[in-house]
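Novice: just the structure for this:
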Amino acid sequence: MSPASEIVLVTGASSGIGRELAHCFAADGSECVLVARSEEALHDVADALEGAYGTDAHVLPADLSVPGAADTVADRLHERGLSVDGLVNNAGVGARGAFAELDAQRQVDMIQVNVTALTHLTRRLLPSMQDRGRGGVLNVASTAGLQAGPYMSVYYATKAYVLSFSDGLAEEMAGTGVTVTCLAPGPTRTAFADRADIDEARLMDLGATMTPAAVAAAGYDAFRAGRTLEIPGWPNKVGAILTRFTPRVLARKVTAWLNGGADGAR
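Specialist: Next comes the predicted model:
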């Protein structure tokens with residue numbers, strides 16, 4: 001796939017890892033389609049990409065927590081005559097606290113964005129990549145998906161889905177010219193962490209926190225190399241290995257402590 005001739009769609013492109021991934025693709029000559037809720041923020045990103053790299057950037061505001069949003073995005077692409085060669089499913093929702101106390105709709109929205117919209121958008125856009133025999137999907141999961149996550153139980157479960165879905169789909173796409181890569185970062189300092197109320201959790205004080213730019217660069221390199229899984233940062237890689245050999249009961253108790261924060265989960 002020639003970066004200079006491709007169109008890449010990035011969800012959650014208005015900030016954080018998504019914005020940095022858009023910069024990575026635009027810097028390589030890719031035309032970008034930017035998806036997020038805030039149209040104003042997307043225009044800011046589009047202006048930055050076009051100014052810095054001279055590439056086209058299309059703004060496509062959409063709220064992926066709304067059922068059917070993936071169909072709306074795909075239909076609008078068709079209306080604009082845009083055939084996507086690369087799909088970056090980065091948009092995500094998180095929340096920290098006891099499952100029985102967190103807002104119910106927030107947790108349903110989490111599943112809708114992290115699982116349903118990701119799956120639906122992939123299903124809508126993948127067949128055309130197969131028909132052309134080129135392209136790729138980059139799904140942003142998390143090391144959270146490697147174990148259960150008390151006090152963020154739904155979020156951890158959604159990221160486990162993304163990891164498993166990506167792994168299975170990568171095998172289905174083998175030999176088709178289409179690649180599937182899953183980026184699974186550890187703690188990252190983004191606006192997402194603030195909205196999800198993760199900033200006060202002990203997890204963010206382990207010294208392994210990465211910047212969105214570093215995470216995006218690792219994910220972009222893995223996508224270009226066609227790797228199936230990328231866990232950026234050696235502390236996160238070591239943690240992923242240890243998780244495989246840690247008894248599940250111990251892993252969930254440790255994670256509950258890490259997610260509790262200094263004053264307990266809120």
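Novice: quick one: the helices in this structure?
Specialist: Using DSSP state H, the helices found in the chain span residues 16-27, 39-53, 69-79, 104-111, 118-132, 153-173, 191-195, 212-225, 234-245, 248-260.
Novice: for residue 146, see how far away residue 257 is.
Specialist: 17 Å (Cβ to Cβ, to the nearest Å). C-betas here are computed from N, CA, C, even on glycine.
Novice: show me where pLDDT drops low in the protein?
Specialist: Within the chain, the ranges that satisfy pLDDT under 70 run 1-4, 190-208, 261-266.
Novice: in stretch 247-259, what counts as buried?
Specialist: Neighbour-count burial for stretch 247-259 flags 251, 252, 255, 256, 258, 259 (criterion: 16 or more other Cβ atoms under 10 Å).
Novice: most tightly surrounded among the helices of the chain?
Specialist: helix 16-27 (a mean of 25; mean count of other Cβ atoms under 10 Å).
Novice: give me the contacts around that helix.
Specialist: Residues external to helix 16-27 that are found in contact with it (Cβ atoms under 8 Å, 6 or more residues apart in numbering): 3, 8, 10-13, 32, 34, 36, 45, 48-49, 52-53, 55, 57, 86, 88, 90-91, 138, 140, 185, 188, 190-192, 212-213, 215-217, 219-220.
Novice: again with stretch 55-65
Specialist: So stretch 55-65 is in contact with 9, 11, 22, 26, 29-39, 42-43, 45-47, 49-50, 69-70, 72-73, 76-77, 80, 82, 91, 93, 109, 112-113, 117, 121, going by Cβ under 8 Å, 6+ apart.
Novice: got the contact list for residue 70?
Specialist: Counted by Cβ under 8 Å, 6+ apart, residue 70 has contacts 64, 116, 117, 120, 121, 123, 124.
Novice: just give the number of residues close to the residue nearest to residue 233 when sequence neighbours are not counted.
Specialist: Nearest residue to residue 233 in three dimensions, chain neighbours excluded: residue 210, at 5.4 Å (Cβ to Cβ, 6 or more residues apart in numbering). By other Cβ atoms under 10 Å, the residues close to residue 210 number 20.
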